[in-house]
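*Asks:* output the structure for:
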Amino acid sequence: MNAQYKRDFLRAGALACQVLSYGKTLIKKGASYNAIIAKVRQKIIELGGRPAFPPQIALSQVAAHFLPAPGEEIILSDELVKLDVGVCYNGAIGDSATTVDLSGKHQGLIESAESALLAAEQSIQVGQKVSDIGRIIETTIASYGYKPIKNLSGHGLGPNKIHTSPNIPNYEDKSTAIIRPGMTFAIEPFATTGKGSVYEAGNPMIFSFARDRPLSSKSAHALLEKIKAFQGLPFAIHDLLEASSPLLETKFILAELLHAGIIIGYPPLVEEGHGMVAQAENSVLVDEKGEVFVTTRLDK
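*Replies:* Here you go, the predicted model:
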């Protein structure tokens, strides 16, 4: 890890923290989903960053990867609202998430995820097995009477890469990976009242570039160039429409690119038992001396 990347990562985390705090104030009964997302995106840009992935809100039993279809609106009422925000600054990424309960019924579930996140953060040290982090998360969530979602996890953060090694499990798995100096990663507990796993449901609205392959269509080539401008970071179909591409044509081309393996789609992730889901997430940097920096903690 060079000194510039460390500075950029700390800056990205500080910006993500500001954006998440701002976004949390927008989550109220009667608020527009699309208006919240638009304001969060604008705040990222105003602060000098760019979205590391499309800002998104997952509701109640949906854990992640949800955006309304273009033209669809959702007005918040009594949902369990998870706001997930990523800020990219000079390639470094701050990734953070929080949960707001608009029903008044699920504060214990939120506390279980937040407490698991804090306990995991406080345990971080060089040489620690990531499976030990998973054990701490699982044990903390279970102490509240809930389950961690085992097929979701924290993840490494690299330059212009939102998901890389190491994988940070939400339960004690068999991983032998350890925390090393120079690592940057996100810890991301998901707690649920359900079965403790998620499945993909519905059509993806979020995508990322995977690899180049031959294309015969000029329109597909043109859209692919717009996609490459995201530098490998995830994007939403909405981002492409902002570039004035017609919706039906864009959907058709995205389907072509998906079929060819040029892009990857990320459908919404729904809890298997349709249990409520709470999420908490912060980004961590371990420098060359082994000092730990939790860059996105709201109450630091």
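*Asks:* show me what stretch 131-147 is in contact with.
*Replies:* 108-109, 111-113, 115-117, 119-120, 123-124, 148, 154, 168-177, 187, 189, 191-196 (CB atoms under 8 Å, 6 or more residues apart in numbering). Every residue, glycine included, has its C-beta placed from N, CA and C.
*Asks:* in strands, which of those residues fall?
*Replies:* Taking DSSP state E, the ones among the contacts of stretch 131-147 that sit in strands are P148, G154, I168, I187, A191, T192.
*Asks:* any idea which of those residues is closest to S283?
*Replies:* I187 (8.2 Å; CB to CB).
*Asks:* quick check: beta-bridge partners of that closest one?
*Replies:* On the basis of DSSP bridges, I187 is bridged to N282.
*Asks:* pretty sure it is touching Q279, no?
*Replies:* No - I187 is beyond contact range of Q279, at 11.3 Å (criterion: CB atoms under 8 Å).
*Asks:* between these two, which one's more packed in?
*Replies:* Each of I187 and Q279 has its neighbours counted (other CB atoms under 10 Å); I187 has more, 29 against 26.
*Asks:* report pLDDT for the more buried one.
*Replies:* Looking at I187, its pLDDT is 98.
*Asks:* list the contacts of it.
*Replies:* So I187 contacts L117, A120, E121, I133, I137, G154, I168, E281, N282, V284 (CB under 8 Å, 6+ apart).
*Asks:* return the member of those nearest to S77.
*Replies:* Nearest to S77 among the contacts of I187, with distances taken as CB to CB, is E281, at 24.4 Å.
*Asks:* contact partners for that closest one?
*Replies:* D84, D95, S96, A97, T98, L117, G154, A186, I187, E188, P189, T296.
*Asks:* how near is the most centrally placed residue in the chain to L26?
*Replies:* In the chain, the residue lying closest to the centroid (CA atoms, centre = their mean) is D84, at 5.1 Å. As judged by CB to CB, to the nearest Å, D84 and L26 stand 14 Å apart.
*Asks:* go on, E114?
*Replies:* On the measure of CB to CB, E114 and L26 end up 19 Å apart.
*Asks:* and for P189?
*Replies:* 23 Å.
*Asks:* please say which of the two ends up with more neighbours.
*Replies:* Taking other CB under 10 Å, P189 and L26 do not tie; P189 has more neighbours (34 against 18).
*Asks:* show me what contacts the closest residue in space to that one that isn't next to it in sequence?
*Replies:* Counting by CB to CB, 6 or more residues apart in numbering, P189 lies nearest to A116, which is 4.2 Å off, once chain neighbours are set aside. Each residue near A116 by CB under 8 Å, 6+ apart is listed here: I136, I137, E138, T140, I141, P148, N170, P189, A191, A280.
*Asks:* secondary structure element for the third one?
*Replies:* Mapping E138 onto the secondary structure by DSSP states H and E places it in helix 130-143.
*Asks:* pLDDT of that helix, averaged?
*Replies:* On average, helix 130-143 scores 98.
*Asks:* and it, how far out from the chain's middle?
*Replies:* Distance of helix 130-143 from its chain centroid, counting by CA atoms, centre = their mean, to the nearest Å, is 20 Å.
*Asks:* could you pull out the buried residues of it?
*Replies:* V130, S131, D132, I133, G134, R135, I136, I137, E138, T140, I141 (16 or more other CB atoms under 10 Å).
*Asks:* give me the pLDDT for L83.
*Replies:* 98.
*Asks:* tell me where this structure is predicted with low confidence.
*Replies:* The chain contains residues with pLDDT under 70 at 242-245, 300.
*Asks:* continuing past the lengthiest helix in it, what's the next helix or strand?
*Replies:* With secondary structure taken from DSSP state H, the chain has its longest helix at helix 3-26. On the C-terminal side of helix 3-26, the closest following helix or strand by DSSP H and E is helix 33-46.
*Asks:* who does the next helix or strand along the chain from that next one pair up with?
*Replies:* Next along the chain after helix 33-46, taking DSSP H and E as the criterion, comes strand 50-51. Here strand 50-51 has these sheet partners by DSSP bridges: strand 80-89 (antiparallel).
*Asks:* what about H274, distance to L285?
*Replies:* In terms of CB to CB, H274 sits 36 Å off from L285.
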